[in-house]
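S.K.: This is a predicted model, with the sequence first.
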Amino acid sequence: MDYLGFVAGVLTTFSFVPQVIRIYQTKSGRDISFWMMFLFSVGVSLWLFYGILLRSAPIIFSNAVTLMLVLIIIVMKLFYKSR
């Protein structure tokens, strides 16, 4: 069961990598909704906490990495907006 969770987590988590690369290349996060990313990061944080409570490695791993990527997107959006 954990293998299925890891595969699902890797696929959904790394779907954010192209977005991070795109924002970095274009130096613009204009098309990204700040509030959507903010609310998503809150949801992912709750999933991470839930995974910690369950001691579920797939949930912890995928949500920790997803949260990191989403926070990178938020920071880059704010950084490039201020330039």
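M.R.: Sure, I can see it. Numbering: from 1, shown residues only.

S.K.: Could you verify my assumption that I32 touches F16?
M.R.: No. The criterion here is Cβ atoms under 8 Å, and I32 misses it with F16 at 10.9 Å. Bear in mind the C-beta positions are built from the backbone N, C-alpha and C, glycine included.

S.K.: what do these two both touch?
M.R.: Overlap of the contact sets of I32 and F16 (by Cβ atoms under 8 Å, 6 or more residues apart in numbering) consists of I73.

S.K.: Surely I72 touches Q19?
M.R.: No. In this structure, I72 is not within contact of Q19 by Cβ under 8 Å, at 9.4 Å.

S.K.: Any idea how many residues pack against the closest residue to N63 other than its chain neighbours?
M.R.: In space, and not counting its chain neighbours, N63 is closest to L48: 4.0 Å by Cβ to Cβ, 6 or more residues apart in numbering. When counting by other Cβ atoms under 10 Å, one arrives at 19 neighbours for L48.

S.K.: what about L48, which helix or strand?
M.R.: helix 34-54 (DSSP states H and E).

S.K.: what's that helix packed up against?
M.R.: Counting contacts by 3 or more Cβ pairs under 8 Å, 6 or more residues apart in numbering; DSSP states H and E, helix 34-54 is packed against helix 57-81.

S.K.: I'd like the mean pLDDT over the helix it packs on, please.
M.R.: Helix 57-81 shows a mean pLDDT of 95.

S.K.: Can you spell out which helices and strands pack onto it?
M.R.: helix 2-13, helix 17-26, helix 34-54.
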